[in-house]
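Enquirer: Have a look at this prediction, sequence included:
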Amino acid sequence: MRASDVSVLQAPDPGDAYTDPDFLLVETLPDKRGRTRTTIDRISACGQRGRGWAVKAVGPSLPVGHSAAREWAVSYAAANGIPVVYERDLLA
């Protein structure tokens with residue numbers, strides 16, 4: 001899969017449902033000291049009839065900007081056959 005094949009979408013609001021069964025979620029938010037923190041998680045449907053979610057951190061929470069993390073996530077997604085990257089930047 002090429003990076004251009006990966007869809008990058010805005011993450012649904014908290015409480016709204018995701019429709020993709022396998023995706024990355026890139027979230028950027030301030031930590032307790034007000035510094036930028038970005039996390040990248042792989043989220044996959046699991047359980048009976050896909051009614052649950054498995055969440056696995058792709059790496060540690062890092063003090064990097066959102067756009068750099070999103071670019072890395074798209075490359076990771078392409079290399080691992082993950083078709084969608086959702087993003088949420090709470091600092092924007």
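Expert: Yes, it's here. Keep in mind it's a predicted model, so treat the numbers as computed, not measured.
Enquirer: And the one helix or strand Y76 maps to, what does it pack against?
Expert: Using DSSP states H and E, Y76 falls within helix 66-79. Using 3 or more C-beta pairs under 8 Å, 6 or more residues apart in numbering; DSSP states H and E as the contact criterion, the elements in contact with helix 66-79 are strand 22-30, strand 36-46, strand 84-89. Glycine gets a C-beta too; all of them are placed from N, C-alpha and C.
Enquirer: And these: which comes nearest S4?
Expert: S4 sits nearest to strand 84-89 of all the helices and strands packed on helix 66-79, at 12.5 Å, using C-beta to C-beta.
Enquirer: R42 contacts L24, doesn't it?
Expert: Yes. The criterion here is C-beta atoms under 8 Å, and R42 meets it with L24 at 5.7 Å.
Enquirer: Compare these two (neighbour count), which wins?
Expert: For R42 and L24, the more surrounded residue by other C-beta atoms under 10 Å is L24, and the numbers stand at 24 against 18.
Enquirer: rewinding a little: and the angle for the helix holding Y76 with strand 36-46?
Expert: An angle of 30 degrees separates the directions of helix 66-79 and strand 36-46 when computed by axes from the mean of the first three to the mean of the last three C-alpha atoms, to 10 degrees.
Enquirer: which residues do R42 and L24 both contact?
Expert: Among the neighbours of R42, those also in contact with L24 (C-beta atoms under 8 Å, 6 or more residues apart in numbering) are V58, I82.
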